[in-house]
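**Q** After the sequence you'll find the predicted model.
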Amino acid sequence: MRTNTESREVRRPDGTTIRYTVSGPADGPTMALIHGWGCDRGDFDAITGFLPRHHRVLAIDLAEHGDSRSTRDVWTMAEFARDVAAVLAAESVGSCVVVGHSLGGAVAIETARLLPGTVTRVVALDALHYLSLFPAQDVHQAEALLRPFRENLAGAMRGMVEAGSPPGTDPALVDAYTKKMSAVRQPAGLHALEALVHWDMDAALREVTQPIVLFAVRAIITEEAIDRYGDRLRIELVDLGSHHFHVESPEATAGLLAGEMSD
């Protein structure tokens with residue numbers, strides 16, 4: 001297990017303070033970990049402990065998630081990517097693999113788009129394949145998806161968590177994820193969700209040249225999504241749990257990530 005983990009922060013404009021943890025040697029191969037919507041860097045604590053000690057690991061709280069704070073007005077995947085870029089700059093990272101779960105996968109793509117000379121690979125954890133989000137939705141589709149969250153966040157969140165929970169998922173986990181994600185700070189939480197719905201992944205993929213691998217839950221991903229994105233993403237199907245499998249199966253997930261670092 002790692003014992004040299006440090007908590008740090010970097011300041012950005014518009015009252016934004018991004019907090020993150022660093023572990024591993026400064027000259028080790030670097031991995032940046034980005035959580036999903038309504039989550040935080042703590043989701044990666046167990047994974048970090050299973051990664052090789054010579055890896056440098058940065059686990060980042062996005063703005064208004066976890067310990068990070070912001071009063072900004074701009075909530076886009078590109079702006080979240082600038083948060084990540086600020087951390088990489090503060091740590092003098094010259095090369096790294098960026099890993100993102102759920103919304104964090106979109107942020108990872110935008111980080112690769114922003115920093116083509118720094119990001120060598122994107123690893124998505126059950127992200128990028130949900131066709132109700134990707135490709136970008138039109139105005140009517142977006143409003144239909146967002147309305148329940150505006151009207152009853154806790155109820156809509158439970159529906160989202162249940163949709164990402166294959167048969168056999170522990171109901172206690174569903175309750176825990178629903179409670180955690182429903183507590184996301186507002187209005188930033190809804191703004192971030194709106195930004196994800198309006199994000200144009202197809203446009204981003206046309207500009208990102210780095211390899212992208214998607215570890216997708218077999219019971220959740222559809223053949224339609226595989227057909228649509230299989231020629232652009234390397235899609236690996238996993239049976240490690242729910243949409244939050246990285247929390248439920250940290251050792252196995254760490255093994256997958258370590259493999260992507262060694263390729």
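**A** Looks like it arrived, so ask away.

**Q** buried ones in stretch 100-118?
**A** 100-115, 118 (16 or more other CB atoms under 10 Å). Just so you know, the C-beta spots here come from the backbone N, C-alpha and C atoms, and that holds for glycine as well.

**Q** again, but for stretch 223-230
**A** Those would be Ala225, Ile226, Arg228, Tyr229, for stretch 223-230 by 16+ other CB under 10 Å.

**Q** ok, which stretches of the stretch 51-200 of the chain are strands?
**A** 56-60, 96-101, 119-125 (DSSP state E, counting those that start in this stretch).

**Q** just those strands: most buried one?
**A** Mean neighbours per residue, mean count of other CB atoms under 10 Å, is largest over the strands of the stretch 51-200 of the chain for strand 96-101, with a mean of 28.

**Q** Could I get the average pLDDT for stretch 147-162?
**A** On average, the pLDDT along stretch 147-162 is 94.

**Q** Could I have the CA atoms of it written out in CSV?
**A** This file holds the C-alpha atoms of stretch 147-162, laid out as CSV (Å, rounded to 0.1, in the frame of the first residue of the first chain):
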residue,chain,number,x,y,z
ARG,A,147,-36.2,17.9,-16.7
PRO,A,148,-36.5,15.1,-14.1
PHE,A,149,-33.2,16.2,-12.5
ARG,A,150,-34.4,19.8,-12.1
GLU,A,151,-37.8,18.7,-10.7
ASN,A,152,-36.7,15.8,-8.4
LEU,A,153,-33.0,15.3,-8.2
ALA,A,154,-33.0,12.5,-5.7
GLY,A,155,-35.7,10.5,-7.6
ALA,A,156,-33.9,11.0,-11.0
MET,A,157,-30.6,10.1,-9.4
ARG,A,158,-32.0,6.8,-8.1
GLY,A,159,-33.3,6.0,-11.6
MET,A,160,-29.8,6.8,-13.0
VAL,A,161,-28.0,4.6,-10.5
GLU,A,162,-30.5,1.7,-10.9
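
**Q** Name the residues that touch that stretch?
**A** With CB atoms under 8 Å, 6 or more residues apart in numbering as the test, stretch 147-162 has contacts from Gly38, Val174, Tyr177, Thr178, Met181, Ser182, Gln186, Gly189, Leu190, Leu193, His243.

**Q** I'd like to know how many residues surround the last one.
**A** By the measure other CB atoms under 10 Å, the count of residues near His243 is 25.

**Q** How about the fourth one?
**A** By other CB under 10 Å, the residues close to Thr178 number 19.

**Q** Give the full set of residues in contact with it.
**A** Ala154, Met157, Arg158, Val161.

**Q** just the third one next, same as before
**A** Listed by CB under 8 Å, 6+ apart, the contact set of Tyr177 reads Val161, Ser242, His244.

**Q** List the contacts of the residue nearest to the spatial centre of the chain.
**A** Residue closest to the mean C-alpha point of the chain, counted by CA atoms, centre = their mean, is Gly104 at 1.9 Å. Contacts for Gly104 (CB under 8 Å, 6+ apart) come out as Leu33, Ile34, His35, Gly36, Leu62, Leu125, Ala127.

**Q** Can you say which of those residues are buried?
**A** Buried subset of those (neighbour count, 16+ other CB under 10 Å): Leu33, Ile34, His35, Gly36, Leu62, Leu125, Ala127.

**Q** looking at it, the fifth one is touching Arg82, isn't it?
**A** Read that as Leu62. No: between Leu62 and Arg82 there is no contact under CB atoms under 8 Å: 10.8 Å.

**Q** residue contacts, the residue nearest to His65 when sequence neighbours are not counted?
**A** Distance criterion CB to CB, 6 or more residues apart in numbering; nearest residue to His65, sequence neighbours excluded, is Asp40 at 5.3 Å. Taking CB under 8 Å, 6+ apart, we find Asp40 in contact with Asp61, His65, Gly66, Asp67.

**Q** give me the number of residues near the first one?
**A** When you say that, I think you mean Asp61. Counted with other CB under 10 Å, residues neighbouring Asp61 total 25.

**Q** Check what pLDDT it gets.
**A** Per-residue confidence (pLDDT) for Asp61: 98.
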